[in-house]
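Novice: Have a look; sequence and predicted model below, questions after that.
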Amino acid sequence: MINEIVRGSTGVLANAYAAAKRRYGGRRLAYFVAALVMLSFGDTLLPLIGHGVHVAIEIVEWLLEHWLEAAFGLSPRQAEITVFWLGIVAIGYGSWRVARAAYLAALAWRRDLAVRWRANSAGRAYWPALARSALVFGALGSTLLMFT
């Protein structure tokens, strides 16, 4: 839909969108636009998204409870408790998967950073510059803290 809008218009925004799409690719640009929309309208979108997720979870729980009651002859209370513990297990497993993926991504980022660091000939000049900026900001922060 956006491509049709861009093709049909000749405005500055359309040209900027087309240039950004050529430079960054469609998916990355879509993520950027989504992040921009979330930052602009987050106060109204986040509660709406949260409510939608909550309703979806409640529907899945309700269906699972009724299926457990019908399939295994459980009482409503037993089905409720079973669904609760299944949810706890699912949350734990999902959290483990997300944490593991984040850890592996951090390791890959660290490896990539080390390779780029070694390839960079100016890498040796980084540490003195970092030490100078830390000294300046540290002295500035100490001075501001002392006189406020």
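Specialist: That came through fine.
Novice: quick one: least confident helix or strand in this protein?
Specialist: helix 2-8 (a mean of 52; mean pLDDT, DSSP states H and E).
Novice: can you count the residues close to V98?
Specialist: Around V98 sit 10 other residues, with neighbours defined as other CB atoms under 10 Å. C-betas here are computed from N, CA, C, even on glycine.
Novice: mean confidence for the helix or strand harbouring A18?
Specialist: Element membership for A18, per DSSP states H and E: helix 12-24. Average pLDDT, helix 12-24: 66.
Novice: and if you look at stretch 37-56?
Specialist: Here the average pLDDT along stretch 37-56 is 85.
Novice: need the next SSE after the longest helix along the chain, C-terminal direction.
Specialist: In the chain, with assignment by DSSP state H, the single longest helix is helix 26-72. Using DSSP H and E, the helix or strand that follows helix 26-72 in sequence is helix 76-119.
Novice: Just the buried residues of stretch 58-73, please?
Specialist: For stretch 58-73, a neighbour-count test (16 or more other CB atoms under 10 Å) marks E61, L64, E65, L68, E69 as buried.
Novice: what's the nearest residue to the fourth one if we skip its chain neighbours?
Specialist: Setting aside the residues directly before and after it, L68 is nearest to A79 in space (CB to CB, 6 or more residues apart in numbering), at 4.2 Å.
Novice: List the residues that contact that neighbour.
Specialist: Residues in contact with A79 (CB atoms under 8 Å, 6 or more residues apart in numbering) are L64, E65, H66, L68, E69.
Novice: In a markdown table: the residues you listed, plus distance to R111.
Specialist: Shown next, in a markdown table, are the contacts of A79 (distance: CB to CB, whole Å):
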| residue | distance to R111 |
| --- | --- |
| L64 | 42 |
| E65 | 46 |
| H66 | 49 |
| L68 | 46 |
| E69 | 51 |
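Novice: Make TSV out of the residues you listed and add distance to G42 and pLDDT.
Specialist: Putting the contacts of A79 into TSV (distance: CB to CB, whole Å; pLDDT from 0 to 100) gives the following:
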residue	distance to G42	pLDDT
L64	32	96
E65	33	96
H66	36	96
L68	38	95
E69	40	95
